[in-house]
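Visitor: pasting the sequence and the predicted coordinates here, then a few questions.
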Amino acid sequence: MGSQHEDNPGDGVTPVAVVTGSDSGIGRATAVRLAEAGMDIGITWHTDREGALRTADEVRATGRRAAVEQLDLTRLPGAADVVDRLADALGRVDVLVNNAGTGTMTPFLELDHDTVRDVLDVDLMGPFLCSQRAAHRMIRQGSGGRIVNVTSVHEHQPRVGAAPYCAAKAGLGLLTQVMALELAEHGITVNAVAPGEIATPMTGQTDTDVSGERRPGVPLGRPGDAREVAAVIAFLAGPDASYVTGASWAVDGGMLRMGPQAGSHLPDDSWRRP
C-alpha cells in the first residue's frame, strides 16, 4: 500500500536532519554521512564545542549547510528546545537522530539517585522530548519524516555495572516501538540502531583503526567503526527504508548472537571450537 505522505519534503526543498551529540564518534560520522546524502545538518554538543565546529566544517565541505547548538539533556524539559532552534535556523526538520548519550559503570548497590536520574534523562527522557518536538514539526510540514534512536546492544541484553544505562536503553527500545505505531499515520517512521562496541570517545577508543584491534568474543573479531553505524542510520533516514518502522537494528559484529557464550570481553577464540 502507498502512503498519503511523501518520503521527501518535495522538489526543490533540501531535507534537514538534526543529529544530537554530533561533536564526535557516531554522531559526527552520522552528520557527515547524512550531509553526503544531501541533507542540511543540525549539530549539537554538550562539552566539546570545538568538536562540534569540526563536524560543521566537515558537513559544509560536502556543500551542505550546518547549524550548531549546545545541548545538555540533564536540563529537561527546556533542553528539548534545541530541536526547534535548529529547525528554525535551517528552515525545517525531516530527520531526527537521537544519538546523545551517557552511562555509568557503578555497581547497582552503590548507585545514587542523582546518577540514575541523569542517565535516564540523557538516554531516555531526552530522546522522548526531542522526538515530540521533531514529530510536531514533521506533522505540520505534512511530508512525513524519520526518527532514529541510537540505543545499544544493552537495549536487548544486560551488563553488570550499567543498571541505569541498560534500563534507559531498553526503555528507549520499547518507546521506539510505541512511537512507530502512533506516528505511522503521519508518515513518520521510527527505528532504533543498537551498536555494540564501537571505536568512539565514549568507549575510550578515539580514531582507532578497528582492523588492528582483536576482540575474540565478537564473531567478526573486532570492534566496529562509527561510520559502520552511520551507514545503517543513513539507510533508515533515507527513502530506501520507507517501509521500515518499529525495528531495532543491531550493529554489533554478531555480539548479540553469542548469548550465553558471552561477547566482547572473552580473552581468546576457544569458543569457536566445540
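Guide: Cool, got the structure.

Visitor: residue 211 belongs to a helix, doesn't it?
Guide: Yes. Looking at residue 211 with DSSP: H, G, I helix; E, B strand; the rest coil, it is inside a helix.

Visitor: nearest spatial neighbour of it, chain-adjacent residues omitted?
Guide: Leaving aside its chain neighbours, residue 211 sits nearest to residue 222 (6.6 Å; criterion: C-beta to C-beta, 6 or more residues apart in numbering). In this view, the C-beta of every residue, glycine as well, is placed from N, C-alpha and C.

Visitor: residue 156 versus that neighbour, what's the distance?
Guide: Look at residue 222 and residue 156: by C-beta to C-beta, to the nearest Å, they are 21 Å apart.

Visitor: and if you look at residue 187?
Guide: From residue 187 over to residue 156 (counting by C-beta to C-beta), the distance is 28 Å.

Visitor: could you point out the longest helix of this protein?
Guide: Looking across the chain with DSSP state H, the single longest helix is helix 163-183.

Visitor: so what secondary structure elements neighbour the following helix or strand past that one?
Guide: Next helix or strand after helix 163-183 toward the C-terminus (DSSP states H and E): strand 188-195. Here strand 188-195 touches helix 126-141, strand 145-150, helix 163-183, helix 226-237, strand 248-251, going by 3 or more C-beta pairs under 8 Å, 6 or more residues apart in numbering; DSSP states H and E.

Visitor: give me whichever of the ones you listed is most buried.
Guide: strand 145-150 (a mean of 27; mean count of other C-beta atoms under 10 Å).

Visitor: name every strand pairing with that one and say which way it goes.
Guide: Partner strands for strand 145-150, per DSSP bridges, with pairing direction: strand 95-98 (parallel), strand 188-195 (parallel).

Visitor: wait, which of the helices and strands packed on strand 188-195 is closest to residue 119?
Guide: Nearest of those to residue 119, taken as C-beta to C-beta: helix 163-183 at 3.9 Å.

Visitor: what about the strands in the stretch 1-150 of the chain?
Guide: 16-19, 40-45, 66-70, 95-98, 145-150 (DSSP state E, counting those that start in this stretch).

Visitor: and the ones you listed, which is most packed in?
Guide: Ranked by mean neighbour count under mean count of other C-beta under 10 Å, these are led by strand 16-19, which reaches a mean of 32.

Visitor: need the strands of the stretch 1-150 of the chain in CSV (columns: distance to residue 28 and mean pLDDT).
Guide: Formatted as CSV, the strands of the stretch 1-150 of the chain follow (distance: least, C-beta to C-beta, whole Å; pLDDT from 0 to 100):
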stretch, distance to residue 28, mean pLDDT
strand 16-19, 8, 98
strand 40-45, 8, 98
strand 66-70, 12, 98
strand 95-98, 11, 98
strand 145-150, 13, 98
